[in-house]
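Trainee: with the input below, show me the fold.
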Amino acid sequence: MQQTTTTSRDQLRHNLAAEVLRTAGSFRLAAFGYSMLPTLWPGDLLTVQAQSFDQVQAPDIVLFTRDSRFFIHRILQKVEAPSERRLITRGDALPDADVPVSPEEVLGKIVGVRQGRRDVPVPVCSRPRRWLGLALTYSVRLRSMALRWNTWRARNGSTKSELAAERISLG
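Mentor: Numbers count the residues shown, from 1 in each chain. All right, here's what the predicted structure looks like:
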């Protein structure tokens, strides 16, 4: 019974988020999982803007749905052949591409990232970032250390200028 309740709750959350995106045009979603490390960290708050298949391009990071689950991965290639339209995507820390994404599965594009207390531009996947992502995937110990460091950074990451600005604004 617990599994059915959890599945139903997850399905309701998924449907609600997809409906909010369709009606409001954007929403914020917390990152979960390790497939986009070190580009996106668990707990990062992502701003998702509704966009169709025609509006996204490589190397955008997109939100798509499959099997009643959300996935946030980077577009590697967009195929627009007359007989076949699809996206080839992959998590930055994953060795292989996903099963191709159909136009109907695309929900939106990641347009903003809030890491800890600061907003950062949506990161690109440079070659060193990709290598680090693969290292984090294959080494549980390295990933564990990186996740602990990121948690510490998020909690204690205010720079002196940010703290000074907070003091000034508080009077």
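Trainee: show me the strands in the chain, by range?
Mentor: All strands of the chain, identified by DSSP state E, fall at 26-30, 45-50, 61-66, 69-81, 84-90, 106-115, 118-120.
Trainee: identify the residue nearest residue 146 in space, chain neighbours excluded?
Mentor: Among residues not flanking residue 146 along the chain, residue 136 sits closest, at 5.8 Å (C-beta to C-beta, 6 or more residues apart in numbering). Backbone N, C-alpha and C define where each C-beta goes, glycine included.
Trainee: now do residue 24: how many residues are near it, please.
Mentor: When neighbours are counted by other C-beta atoms under 10 Å, residue 24 registers 9.
Trainee: any idea how far residue 48 is from it?
Mentor: Distance of residue 24 to residue 48, computed by C-beta to C-beta, to the nearest Å: 10 Å.
Trainee: with residue 155 instead?
Mentor: 25 Å.
Trainee: any idea what the residue nearest the centre of the chain is bridged to?
Mentor: Compute the mean C-alpha point of the chain, and by C-alpha atoms, centre = their mean the closest residue is residue 72, 4.4 Å away. Applying DSSP bridges to residue 72 yields these beta-bridge partners: residue 63.
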